[in-house]
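> what's the 3D shape of this:
(one chain, ligands or ions: 2)
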Amino acid sequence: MPGEYNMRIVSIVSQKGGAGKTTIAVNLAVAALACGAKGTIIDIDPQATASNWGDRRQAEFPPVVSAQAARLPQILKQVDKAAWVFIDTPPAVSNTTMAAVKVADIVLVPSRAAIFDLDTLGATLDLVRMGQKEAAVVLNAVPHQGPGAEEARAVIAAHNTCIAPTCLGNRAAFQHAATMGLGVTEYEPNGKAALEIRDLFNWLQTL
Ligand SMILES: Nc1ncnc2c1ncn2[C@@H]1O[C@H](COP(=O)(O)OP(=O)(O)O)[C@@H](O)[C@H]1O
Ligand SMILES: [Mg+2]
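Ligands and ions are numbered 1, 2, ... in the order given. Model prediction:
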């Protein structure tokens, strides 16, 4: 159910850098657009990776709004025509990420399937629970071979947390698309990365 604002607010958080927060934020926003839903990205990461992606992009949509976490409630009022808002956050458990959790309808926690990444999940999930929200972990950059995803699912299940049914594979398309300011659904519409992102967005729509 939509929260205080008339839109779905998806915050993407993880303590670990490189987990895929920005990749997921920008690709879901592009996927929403392809479905005819207006999506906005709000970038509260001082590293401004999503904002830089927006600068490389030769298109007006989806807009990327660079903001400070303390301004989120006001910024959300300004973008209230958007059907979907994706909030990209810095790699931290902090007041900044808590601000994104607090305003979220849905909290996505991307994680790579490697044990060093999974080890940091607890701290991120604790933050989400402190914000009285539930998280869904999105397994990202899962290697094509090996037991990665299955082992990771077992570790995540031990945290009593929902796992998104779609994992994102380790696919060069995510990197190539980012370089060009595109989503993978634009860069390679029939590729596996595009299929995964569309699946992930379809699942979000069911929540
Ligand atoms: N599924 C994936 N397959 C291949 N490369 C990926 C994937 N997800 C992210 N990357 C790459 O990994 C790096 C870190 O991803 P990013 O989204 O910036 O993580 P975060 O925002 O959590 O720090 C980027 O270079 C990005 O292109
Ligand atoms: Mg990032």
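> Relative to ligand 2, how far out is the residue lying farthest from the centre of the chain?
Most distant residue from the mean C-alpha position of the chain: Gly146, 24.8 Å away (CA atoms, centre = their mean). From Gly146 over to ligand 2 the distance is 26 Å, taken as CB to the ion, to the nearest Å. C-betas here are computed from N, CA, C, even on glycine.
> So Leu200 sits against Gly169, correct?
No - with contacts counted by CB atoms under 8 Å, Leu200 stays clear of Gly169, the gap being 11.8 Å.
> Report the spatially closest residue to whatever residue of the chain ends up closest to ligand 2, excluding sequence-adjacent ones.
Residue nearest to ligand 2 within the chain: Thr22 (3.3 Å; CB to the ion). Nearest non-adjacent residue to Thr22, counting by CB to CB, 6 or more residues apart in numbering: Thr49, 4.5 Å away.
> Count the residues that sit near that neighbour.
For Thr49, the count of nearby residues is 18 (other CB atoms under 10 Å).
> and what of the one 10 residues further on?
Look at Ala59: counted by other CB under 10 Å, it has 12 neighbours.
> Same check on Asp119?
Counted with other CB under 10 Å, the neighbours of Asp119 add up to 12.
> Please name the residues that touch Val85.
7-10, 39-42, 76, 79 (CB atoms under 8 Å, 6 or more residues apart in numbering).
> The same query, at a cut-off of 10 Å, please.
5, 7-11, 25, 29, 32, 38-42, 62, 65, 72, 75-76, 79, 103-105 (CB atoms under 10 Å, 6 or more residues apart in numbering).
> Arg56 too?
Arg56 is in contact with 178-182, counting by CB under 10 Å, 6+ apart.
> just so I have it, where are all the helices in the protein?
Using DSSP state H, the helices of the chain run over residues 21-34, 49-56, 72-78, 95-103, 115-119, 121-130, 148-157, 172-179, 184-187, 192-206.
> Looking at those helices, which one is packed in the most?
Mean neighbour counts were compared across those using mean count of other CB atoms under 10 Å; the top stretch is helix 21-34, at a mean of 26.
> Alpha carbons of that helix, as PDB, please.
Extracted in PDB, the C-alpha atoms of helix 21-34 (Å, rounded to 0.1, in the frame of the first residue of the first chain):
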ATOM      1  CA  LYS A  21      22.500   0.100  -4.900                       C
ATOM      2  CA  THR A  22      23.000   2.600  -7.700                       C
ATOM      3  CA  THR A  23      22.800   0.000 -10.400                       C
ATOM      4  CA  ILE A  24      19.400  -1.200  -9.100                       C
ATOM      5  CA  ALA A  25      18.100   2.300  -8.500                       C
ATOM      6  CA  VAL A  26      18.800   3.600 -12.000                       C
ATOM      7  CA  ASN A  27      17.700   0.400 -13.800                       C
ATOM      8  CA  LEU A  28      14.400   0.100 -11.900                       C
ATOM      9  CA  ALA A  29      13.700   3.700 -12.700                       C
ATOM     10  CA  VAL A  30      14.300   3.100 -16.400                       C
ATOM     11  CA  ALA A  31      12.200  -0.100 -16.200                       C
ATOM     12  CA  ALA A  32       9.300   1.900 -14.600                       C
ATOM     13  CA  LEU A  33       9.500   4.400 -17.400                       C
ATOM     14  CA  ALA A  34       9.300   1.700 -20.000                       C
END
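> Alright, that wraps it up for me.
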